[in-house]
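Q: Okay, here's the prediction I keep looking at, along with the sequence it came from:
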Amino acid sequence: MTEENVTRITIGEKEYILIGTAHVSKQSAEQVKEVIEREKPDTVAVELDEQRYQSVMENDKWRNMNIFKVIREKKATLLFMNLAISSFQNRMAKQFGIKPGQEMIQGIESAKEHDAELVLADRNIQTTFARIWGNVGFMGKAKLMTQVFGSVLVQESISEEELERMKQQDTLNAAMNEFSKAFPKLKTPLIDERDQYLAQKIKDAPGNKIVAVLGAAHIPGILKEIHNEQNMQELDSRPPKSIVPKVIGWAIPLLIISIIAYTFMNNPAAGWDQTISWLLWNGSFAALGAAIAFGHPLAIITAFIVAPISSLNPLMAAGWFSGIVQAALKKPSVGDLEALSDDVQSFKGFWQNKVTRILLVVILTNIGSTLGTFIGGADVIRTFFQNL
């Protein structure tokens, strides 16, 4: 039976009440409160994992972020993507004067108020991103990053009618909708697998009456999957890393070093030309990336110096070094951390906030270094053949 975004199903002795919501809808939050008060369920399941639960419940979560740790753990790109995607939701929430994820917060608060058990039913967001990232390939990653970043540039308002239509898709999917068109494989880890995961967690929730607060796009998939047993171990696993990038990562440096060494033995002058070309192309493009991010002059210089060396060692990345220098010289203040959620809502804010400026320095330095590696490497090979 379905009524006003509420779907009821019974399996054995258990009744499941699924509330389909829009994650930036004030009406959705009010409906969640009304349904839980009326139904007095044994359990309330919400479409959150532990990480996002902490995120919506802790207003000062950014204050505790250690930017140096983010860079050291190679999570700068992942954090940047999280911030870019969240900016979509935050802009809409701000437009309608509500808090992002208010219906989830309401579900949590109502569960406590009525002594219902709380179940965090969604899959770990890092696992979802890992399965997305492993599905798109090298060029797909580049296109995906471009489109994620491009979403920051979009400042369009959304009408009440469009908001109601959003009740047909959850927020993460709404933010990634255009990406899914460009990358059809995204739908499996982003929607289909999460439908399966959510369905199993809701089905296994304790008690005989369970209310589930969900993005409305998941309702049809959950209704289909809740009658099946899901392989949670498989859904929770992360794809094994391909050996191909590692092989290429070591093969290119070894090839460049071998070619330059061989050239030096046969024609030292040409060997010096290759070395200078490698240093200038690699260093210049990395420095250009740091400069585009408006990095500190010393971060730009660091990018120039480190890139030609780090490009010959797959275990290093020039962006880590320029990012650490940027963080040390322009350390984010408490104000920057507190303003992060607001600043990521605009293109200008991404460059002004010291946290996102550091992330941009890391990412754009690495992109520049990668371009410099291909161009500098091609020039090294060209000189080699000219001097055979």
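A: Perfect, I can see it now.

Q: Toward the C-terminus from the helix or strand bottoming out on mean pLDDT in the chain, list the very next helix or strand.
A: Sorting the helices and strands of the chain by mean pLDDT, DSSP states H and E puts helix 171-182 at the bottom, at a mean of 52. On the C-terminal side of helix 171-182, the nearest following helix or strand under DSSP states H and E is helix 187.

Q: That next one - what's its average pLDDT?
A: Here helix 187 scores 74 as its mean pLDDT.

Q: Same question for stretch 357-377.
A: Average pLDDT, stretch 357-377: 92.

Q: where do the strands sit along the stretch 151-300 of the chain?
A: 209-215 (DSSP state E, counting those that start in this stretch).

Q: which residues in it form helices?
A: Residue ranges of the helices in the stretch 151-300 of the chain, as given by DSSP state H, counting those that start in this stretch, are 160-165, 171-182, 187, 193-203, 218-225, 232-236, 243-266, 268-292, 297-310.

Q: Of all those, which one is nearest G372?
A: helix 268-292 (3.4 Å; C-beta to C-beta). In this view, the C-beta of every residue, glycine as well, is placed from N, C-alpha and C.

Q: what's near enough to touch the residue sitting furthest away from the middle of the chain?
A: Here the chain reaches farthest from its C-alpha mean at N266, the gap being 48.8 Å by C-alpha atoms, centre = their mean. Residues near N266 by C-beta atoms under 8 Å, 6 or more residues apart in numbering: N387.

Q: can we see that at 7 Å?
A: Contact analysis of N266 by C-beta atoms under 7 Å, 6 or more residues apart in numbering lists nothing.

Q: what does S310 give?
A: Neighbours of S310 in contact, by C-beta under 7 Å, 6+ apart: M316, A317, A318, S369.

Q: who wins for neighbours among the residues you listed?
A: When neighbours are taken as other C-beta atoms under 10 Å, the top entry among the contacts of S310 is A318 (32 neighbours).

Q: List the residues that contact the residue nearest to I301 when sequence neighbours are not counted.
A: Nearest residue to I301 in three dimensions, chain neighbours excluded: A287, at 7.3 Å (C-beta to C-beta, 6 or more residues apart in numbering). Neighbouring residues of A287 by C-beta under 7 Å, 6+ apart: I300, A303, F304.

Q: Could you single out the nearest of those to I363?
A: Set against I363, the nearest of these by C-beta to C-beta is A303 (11.8 Å).

Q: tell me what the helix or strand hosting F68 is packed against?
A: In the assignment (DSSP H and E), F68 maps to helix 67-72. With contacts taken as 3 or more C-beta pairs under 7 Å, 6 or more residues apart in numbering; DSSP states H and E, helix 67-72 sits against helix 318-329, helix 354-386.

Q: how about these, which one is nearest G271?
A: Nearest of those to G271, taken as C-beta to C-beta: helix 354-386 at 8.7 Å.

Q: buried sites along stretch 247-255?
A: By neighbour count on 16 or more other C-beta atoms under 10 Å, the buried set for stretch 247-255 is I252, P253.

Q: For that stretch, give me every contacting residue.
A: Defining contact as C-beta under 7 Å, 6+ apart, one finds that stretch 247-255 is touched by S311, L312, N313, P314, T373, G377.

Q: next one: stretch 315-332
A: So stretch 315-332 is contacted by 67-68, 71, 76, 286, 290, 295-296, 298-299, 302-303, 306-307, 310, 354-355, 357-358, 361-363, 365-366, 369 (C-beta under 7 Å, 6+ apart).

Q: And that stretch, how far out from the chain middle?
A: How far stretch 315-332 lies from its chain's middle: 20 Å, per C-alpha atoms, centre = their mean, to the nearest Å.

Q: What of stretch 275-289?
A: Here stretch 275-289 is found 29 Å from its chain centre; the criterion is C-alpha atoms, centre = their mean.

Q: Equivalent analysis for stretch 210-219, please.
A: Put simply, stretch 210-219 sits 23 Å off its chain's centre (C-alpha atoms, centre = their mean).

Q: Tell me which of the helices and strands packed on helix 67-72 is the most buried.
A: helix 318-329 (a mean of 25; mean count of other C-beta atoms under 10 Å).

Q: Next, the distance between the ends of stretch 113-122.
A: For stretch 113-122, the first-to-last residue distance is 22 Å (C-alpha to C-alpha, to the nearest Å).

Q: Which positions within it qualify as buried?
A: Neighbour counts over stretch 113-122 (16+ other C-beta under 10 Å) mark A116, L118, V119, L120, A121, D122 as buried.

Q: ok, of the contacts of S310, which one's closest to M104?
A: Among the contacts of S310, and counting by C-beta to C-beta, the member closest to M104 is A317, at 35.8 Å.

Q: Would you list the phi and psi of A217?
A: Backbone torsions for A217, taken as degrees, to the nearest 10, come to phi -60, psi -20.
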